[in-house]
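Novice: quick one: sequence plus predicted model below, questions after.
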Amino acid sequence: SRKPFVFAYASDSRHAQGGGERRIEGTNAYIMKRIAALIRFKKAAFMQFTGDMINGYLNSVEQTKVEYRNWKRAIEPFAHYFPIVAAMGNHEIVKHSFKGSISIDRFPLATESAEAVFASQFVNPINGPESEDGAVYDPNPHKQDFPSYKENVFYYIYDNVAMVALNSNYWYAPSIKGHPEAGGNLHGYLMDKQLEWLEATLALLDADDNIDFILTTHHTPAVPNGGHIGDDMWYNGNNAPRAVVNHSADGDNLVQRGIIEQ
């Protein structure tokens, strides 16, 4: 109809200082209720929430689900009346930790990865890419080596606006900078298959005469500030950091393009 409408955007509602409802097992229920009430008051059509819903960084799948449930309970009285669409950030990671300093995305990937746990807790479109399997750096073409993108990378359309939600913490290994030999992906690094899907999806949406605005969202800013100029998608301008797949001592299995190129 191209009639004016309002939508809401937010991120980072993990638990905060002060206790009480500001720190309910992983989430800031106090601020989420206030945000949701304001959105309802402003008659927003929908809300896009991109990442760090919970404190996360847990080794337990069940405890991660508890934190997700607390976040959903905080917004439940309002979410019955307008869509709240969630996407992933770095705090949504579910990990395996080794020797105290090595952390990687939890496996089995199909059931216990951060991506799989997130998909089990939310209902999002399934129009995204499959996974990074089949990329030039896939070490085993005949088996699953990467988590699924199902319900953590997707797009949706409201009237004349398309929203493309990406996952800039896919297959995330928090210790990758200090322990590249463990393998995994970097904070803020969009891998090749996701970028290929993004390019194809933007072309598809751009060709649709009913869509006037295309927005992309991912948790890590392309131009960060404050405490995040050393990571996100910038790394102080250093192009060397990148994902590591099937690492070997000679470095042949480093993903080709650095963070700035990507």
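Specialist: Looks like it came in fine.

Novice: every contact and neighbour count from this point should use C-alpha atoms.
Specialist: Fine.

Novice: can I assume residue 74 sits in a helix?
Specialist: Yes - judged by DSSP: H, G, I helix; E, B strand; the rest coil, residue 74 forms part of a helix.

Novice: what sits closest to it if chain neighbours are left out?
Specialist: Of all residues not flanking residue 74 in the chain, residue 29 sits nearest, at 5.2 Å (C-alpha to C-alpha, 6 or more residues apart in numbering).

Novice: for residue 149, give me its contacts.
Specialist: 115, 128-131 (C-alpha atoms under 8 Å, 6 or more residues apart in numbering).

Novice: among the residues you listed, who's most crowded?
Specialist: residue 115 (29 neighbours; other C-alpha atoms under 10 Å).

Novice: assign it to helix, strand or coil.
Specialist: Three-state call for residue 115 (three-state DSSP): helix.

Novice: wait, residue 10 sits on residue 53?
Specialist: No - Residue 10 is beyond contact range of residue 53, at 9.8 Å (criterion: C-alpha atoms under 8 Å).

Novice: of the two, who's got more company?
Specialist: Neighbours per residue (other C-alpha under 10 Å) separate residue 10 from residue 53, with residue 53 holding more: 29 against 14.

Novice: just checking, that one touches residue 24?
Specialist: No - using C-alpha under 8 Å, residue 53 is not in contact with residue 24; the gap is 12.0 Å.

Novice: ok, now which ones touch the spatially most central residue of the chain?
Specialist: In the chain, the centroid-proximal residue (C-alpha atoms, centre = their mean) is residue 88; its distance is 2.5 Å. Neighbour list for residue 88: 50-52, 118, 152, 167-169, 218-219 [criterion: C-alpha under 8 Å, 6+ apart].

Novice: let's see 10 Å
Specialist: 11, 49-53, 114-115, 118-119, 151-153, 165-170, 218-219 (C-alpha atoms under 10 Å, 6 or more residues apart in numbering).

Novice: tell me the pLDDT of it.
Specialist: Listed pLDDT for residue 88 reads 98.

Novice: now residue 226
Specialist: In this model, residue 226 carries a pLDDT of 89.

Novice: and for residue 81?
Specialist: Per-residue pLDDT puts residue 81 at 92.

Novice: low-confidence bits of the stretch 151-262 of the chain, can you list those?
Specialist: The model of the stretch 151-262 of the chain has pLDDT under 70 over residues 247-253.

Novice: list the residues that contact the residue nearest to residue 74.
Specialist: 13-16, 20-23, 35, 70-75.

Novice: on that earlier part again, which neighbours do residue 10 and residue 53 have in common?
Specialist: In terms of C-alpha under 10 Å, 6+ apart, residue 10 and residue 53 are both contacted by the residues 32, 86.

Novice: re the thing from before, could you check the pLDDT of the residue nearest to residue 74?
Specialist: For residue 29, the predicted pLDDT is 97.

Novice: quick one: it and residue 76, what's the gap?
Specialist: From residue 29 across to residue 76, the span is 11 Å (C-alpha to C-alpha, to the nearest Å).

Novice: how far does stretch 53-62 stretch from start to finish?
Specialist: This stretch, stretch 53-62, spans 16 Å end to end (C-alpha to C-alpha).

Novice: how far does it sit from its chain's centre?
Specialist: On the basis of C-alpha atoms, centre = their mean, to the nearest Å, stretch 53-62 sits 14 Å off its chain's mean C-alpha point.

Novice: tell me which residues in that stretch are buried?
Specialist: For stretch 53-62, the neighbour count (16 or more other C-alpha atoms under 10 Å) marks 53-59, 61 as buried.

Novice: what's the next secondary structure element after the helix or strand where residue 34 lies?
Specialist: Per DSSP states H and E: residue 34 is located in helix 29-41. Following helix 29-41 in sequence order, the next helix or strand is strand 47-50 (DSSP H and E).
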